[in-house]
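Undergrad: what's the 3D shape of this:
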Amino acid sequence: MSIMSGESKEPEDKSEKTPCSDLIRGVESDGEDDVVESKGSSPGLVGVLLMSQALENYHKGKRGDYDFLVYKLGDPYLKPLYLQRYLKALKGCVSLLNKSCETLVGTVLRVDWASSDHDTVQEFIEFLTVLVSAQTYYLRACLKMLIKHFMPNVPKGKTAEDLIKEEQEQAFANTHDALQAVLDVVPMTPKFLLPVLSECFPYIKRHQVFQTSYVSNTLQVTWYIPTLRGEILELVINHITKIDELNPESPDKASEESEMAAMLDSLMDILFKYMRDFCFPANELSLDSSTELFGYLVKSIFYIFVFRHRQCLETPEGQKFVSKLNFQRIVTCKLNPLKSFEKVILPTHACCHIQFVMFYICSLDEVFTNSLLEVCWKKVANPGEAGILRQASAAYMASLVARAKYISISTVKTCLELLTHWVHCYIDDHDEACLGADVNKHGPFYSVCQSIFYIFVFRHRQCLETPEGQKFVSKLNFQRIVTCKLNPLKVCLPTVVDLFAQVTKLHQVVLCYTVIERNKRSMLPVSSAITSNRTISQLSLQNPLDSFFPFDPYLLRSLLFDSLHKMEILPSLFNELGEFNKSSKMPIPINYLKSGINPRPSSKYVKPHYQEWKGVGEEHALLEDHQDDESEDEDDYMEYGKSPGVDIPDPTPDIAMSVSPGFALSPNSAIELEHRLQRRTAR
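TA: Numbers count the residues shown, from 1 in each chain. Got it, this is the predicted structure:
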């Protein structure tokens with residue numbers, strides 16, 4: 001049979017001509033054919049009888065009818081009406097479709113049924129349910145076929161952009177109907193479904209349409225298979241994390257980066273919406289209501305149930321009532337994302353956007369915020385955890401407390417007290433035997449110190465403006481931390497150290513500049529120094545703590561250098577990129593020179609809850625000018641964090657979207673800084 005014409009060729013073997021013809025005519029006949037009349041039965045029954053005969057002959061070694069049937073079902077131009085009849089005939093003899101018939105079954109499963117008409121879809125679903133219930137051998141193949149329909153079917157000669165959205169949505173809905181039908185007849189389906197979902201994820205560089213379709217449909221599965229919510233969420237987060245990590249190797253790939261950024265933004269938008277709908281089903285609570293309301297409701301429900309559970313559960317009606325409350329949904333709302341955070345997000349280095357899912361969930365639920373902070377703190381305080389995980393946990397804890405507007409000042413103070421108490425205990429145990437800063441030996445200690453400095457820089461105003469603010473800060477005993485032999489100011493990020501010193505000096509909390517100047521002198525390339533130049537370079541530039549603060553600005557932009565012309569407004573400031581400002585010693589990230597670019601849609605979930613860096617204060621300008629005059633005659637190698645003969649790393653590329661540690665100036669502040677640079681050059 002020619003695929004294009006749909007007509008069968010004359011079989012060379014005359015003995016097989018009549019059986020093949022009888023099979024095709026019997027199945028496709030409308031009831032007026034002589035084959036149907038000779039059987040004396042209805043067309044549907046005749047089709048089943050002829051199909052059974054063909055399969056029985058195949059099992060006996062006669063392949064003629066079987067091969068012709070495989071070829072016929074593989075014809076892409078087969079009429080939907082005829083396809084329905086073949087499916088109905090196969091459904092009647094499904095007991096004969098054993099393992100040896102996998103070629104035929106595979107051909108049927110490759111049929112593009114999901115985009116067909118309603119009757120064909122229903123007939124296919126019925127055949128599928130009968131097949132998996134009678135022949136469980138084909139369950140995994142059927143599941144894989146259904147999962148592959150989570151991505152659009154692009155015909156040859158067309159592109160993903162040519163697809164009609166409404167048709168694809170209907171095809172996806174048909175696929176979910178089929179999957180639920182299989183789930184109803186085979187309860188063990190979830191056990192086999194999860195590995196198939198993991199296996200069928202599209203390649204990370206495949207077109208955005210395939211990525212977003214697959215992720216959306218995979219998340220939709222959790223609504224009718226709630227037992228897989230945690231595992232599926234972990235799979236999706238892991239996939240998006242891989243895309244988040246994918247950075248272009250060179251500026252020549254700017255267009256590729258733009259595509260990756262667009263795809264990442266779409267996936268993040270889908271995940272944000274899923275989290276919102278999962279935590280607040282059917283819009284029962286408005287996103288504009290108090291973020292504490294949900295936490296209070298959950299506490300109230302659990303509190304009532306603890307005291308009244310016996311009365312609720314002692315009758316069958318009461319047990320039915322409790323099951324309707326769906327406590328599992330409330331609990332998994334918190335547990336599943338936390339598990340994904342611990343398994344996927346936390347161990348991943350240099351991811352820049354996926355962690356904002358946790359940031360957003362915390363904005364919806366105060367209880368979840370406390371749970372996340374508790375998870376991070378337990379890892380920090382656990383000596384049995386890997387050092388890199390302890391350091392990452394400290395960074396997450398600090399970044400969330402510093403950046404989230406919904407974090408109350410009481411929580412900020414609690415975290416500061418917790419962290420500083422741990423630091424003081426660490427100093428008690430190790431400071432006496434310490435011979436100097438050693439980031440390899442005391443990495444978690446320096447990470448916690450850096451977290452304390454970072455939180456205080458961002459939250460010092462709220463801490464000090466309360467009636468007991470000054471007393472609270474004095475109890476933290478920063479003086480002991482900065483002057484201990486472990487010397488955290490020497491190891492922590494220069495930007496964090498510099499701003500912490502400015503803030504504490506401004507509010508007369510502690511004076512850090514004596515220690516900072518001593519650290520500068522100890523880092524000079526003197527031959528008699530105990531530490532080699534290579535070690536100094538590693539401390540200053542390849543600092544193991546210089547990774548990132550995970551909730552630095554969420555800035556999905558369209559193209560890496562699509563707005564370079566905007567930098568012409570500040571030409572000398574652009575020349576300072578990648579170098580340290582002599583007065584503030586802090587890098588000026590490229591992202592903030594492109595403030596005219598509109599953020600992508602997914603940022604709307606983060607921006608309302610995000611605390612931007614607003615600078616130290618108006619008094620800081622006078623203080624900085626005074627420091628400029630004092631440091632004017634210093635050699636270049638005296639700049640904190642620099643060492644002679646060592647290249648300064650380039651700014652983080654735009655696909656990374658966050659420049660640690662996030663102390664970037666606003667556009668107005670950048671213009672003001674430009675004017676000051678010009679005045680300094682004139683002097």
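
Undergrad: Only C-alpha atoms from now on, for both contacts and neighbour counts.
TA: Fine.

Undergrad: Tell me where this protein has strands.
TA: Taking DSSP state E, the chain contains no strands at all.

Undergrad: pull the longest helix from it.
TA: Across the chain, the helix with the greatest residue count (assigned by DSSP state H) is helix 254-279.

Undergrad: For it, what does the pLDDT average out to?
TA: Averaged across helix 254-279, the pLDDT comes to 80.

Undergrad: Low-confidence stretches in the chain?
TA: 1-47, 247-257, 279-309, 311, 322-335, 523-548, 554-601, 616-683 (pLDDT under 70).

Undergrad: List the buried residues of stretch 505-521.
TA: 505-506, 509-512, 515-516, 519-520 (16 or more other CA atoms under 10 Å).

Undergrad: So which of those are in helices?
TA: 505-506, 515-516, 519-520.

Undergrad: Could you dump those into JSON lines and include distance to Ile147?
TA: Shown next, in JSON lines, are those (distance: CA to CA, whole Å):
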{"residue": "Lys505", "distance to Ile147": "60"}
{"residue": "Leu506", "distance to Ile147": "60"}
{"residue": "Val515", "distance to Ile147": "61"}
{"residue": "Ile516", "distance to Ile147": "59"}
{"residue": "Asn519", "distance to Ile147": "59"}
{"residue": "Lys520", "distance to Ile147": "60"}
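
Undergrad: and this protein, what are its domains?
TA: Domain assignment for the chain, taken from the TED database, gives 42-200, 219-249+256-364, 403-522+541-567.

Undergrad: State the phi and psi torsions of Phe150.
TA: Backbone torsions of Phe150, given as degrees, to the nearest 10, read phi -70, psi -10.

Undergrad: Correct me if wrong: it contacts Ser213.
TA: Yes - Phe150 is within contact range of Ser213, at 6.3 Å (criterion: CA atoms under 8 Å).

Undergrad: which of the two has more neighbours?
TA: When Phe150 and Ser213 are compared for neighbours, Phe150 comes out ahead with 27 against 19, by other CA atoms under 10 Å.

Undergrad: show me what contacts the more buried one?
TA: For Phe150, the contact set (CA atoms under 8 Å, 6 or more residues apart in numbering) comprises 172, 175, 213-214, 217-218.

Undergrad: and the gap between it and Ala173?
TA: 10 Å (CA to CA, to the nearest Å).

Undergrad: which stretches of the stretch 351-500 of the chain form helices?
TA: Counting by DSSP state H, counting those that start in this stretch, the stretch 351-500 of the chain has helices at residues 356-364, 366-381, 387-403, 409-430, 443-465, 469-476, 478-483, 488-491, 494-506.

Undergrad: before we move on, back to that, out of the domains of the chain, nearest to Pro383?
TA: Comparison of the domains of the chain against Pro383 by CA to CA identifies domain 403-522+541-567 as nearest, at 9.3 Å.

Undergrad: Pull the number of nearby residues for the nearest residue in space to Ile516 that is not next to it in sequence.
TA: Computed as CA to CA, 6 or more residues apart in numbering, the closest residue to Ile516 that is not its neighbour in sequence is Leu489, at 6.8 Å. Using other CA under 10 Å, Leu489 has 27 neighbouring residues.

Undergrad: that older thread, can you tell me which of the contacts of Phe150 are in helices?
TA: 172, 175, 213-214, 217-218.

Undergrad: From those, list just the buried residues.
TA: Using 16+ other CA under 10 Å, the buried members of those are 172, 175, 213-214, 217-218.

Undergrad: From Leu73, how far off is Leu55?
TA: Relative to Leu73, and taking CA to CA, Leu55 is found at 15 Å.

Undergrad: err, Asp65, not the other one
TA: Taking CA to CA, one finds Asp65 at 12 Å from Leu73.

Undergrad: neighbour-wise, which of the two wins?
TA: Asp65 (25 against 21).

Undergrad: re the thing from before, could I get the helices of the stretch 351-500 of the chain as JSON lines with distance to Leu235?
TA: Formatted as JSON lines, the helices of the stretch 351-500 of the chain follow (distance: least, CA to CA, whole Å):
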{"stretch": "helix 356-364", "distance to Leu235": "14"}
{"stretch": "helix 366-381", "distance to Leu235": "20"}
{"stretch": "helix 387-403", "distance to Leu235": "21"}
{"stretch": "helix 409-430", "distance to Leu235": "31"}
{"stretch": "helix 443-465", "distance to Leu235": "30"}
{"stretch": "helix 469-476", "distance to Leu235": "42"}
{"stretch": "helix 478-483", "distance to Leu235": "42"}
{"stretch": "helix 488-491", "distance to Leu235": "37"}
{"stretch": "helix 494-506", "distance to Leu235": "35"}
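
Undergrad: Glu259: which of the ones you listed is closest?
TA: Using CA to CA as the measure, helix 356-364 is the one of those that comes nearest Glu259, at 20.4 Å.

Undergrad: and the closest one, what other elements does it pack with?
TA: helix 254-279, helix 291-313, helix 366-381 (3 or more CA pairs under 8 Å, 6 or more residues apart in numbering; DSSP states H and E).

Undergrad: Could I have the CA atoms of that helix written out in CSV?
TA: Extracted in CSV, the C-alpha atoms of helix 356-364 (Å, rounded to 0.1, in the frame of the first residue of the first chain):
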residue,chain,number,x,y,z
PHE,A,356,13.3,32.6,44.2
VAL,A,357,10.5,30.0,44.3
MET,A,358,11.3,29.6,47.9
PHE,A,359,11.4,33.3,48.4
TYR,A,360,7.9,33.6,46.9
ILE,A,361,6.4,30.7,49.0
CYS,A,362,7.8,32.4,52.1
SER,A,363,5.9,35.5,51.2
LEU,A,364,2.7,33.5,51.2
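
Undergrad: could you check the angle helix 366-381 makes with that helix?
TA: Orientation check (axes from the mean of the first three to the mean of the last three CA atoms, to 10 degrees): helix 356-364 against helix 366-381 gives 130 degrees.

Undergrad: by how many degrees do helix 356-364 and helix 387-403 diverge?
TA: Using the same axes, to 10 degrees: helix 356-364 against helix 387-403 is 50 degrees.

Undergrad: residues in contact with Val482?
TA: 488-489, 512, 515.

Undergrad: so can I have a markdown table of those showing distance to Pro347?
TA: Shown next, in a markdown table, are the contacts of Val482 (distance: CA to CA, whole Å):
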| residue | distance to Pro347 |
| --- | --- |
| Pro488 | 24 |
| Leu489 | 26 |
| Cys512 | 33 |
| Val515 | 34 |
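
Undergrad: Could you work out the most separated pair of these?
TA: Pro488 and Cys512 (11.0 Å).

Undergrad: Give me the number of neighbouring residues for the closest residue to Val357 other than its chain neighbours.
TA: Excluding its sequence neighbours, the residue lying closest to Val357 (CA to CA, 6+ apart) is Phe272, at 6.4 Å. Using other CA under 10 Å, Phe272 has 22 neighbouring residues.

Undergrad: Can you list the buried residues in stretch 400-414?
TA: Buried residues in stretch 400-414 (16+ other CA under 10 Å): 400-407, 412-413.
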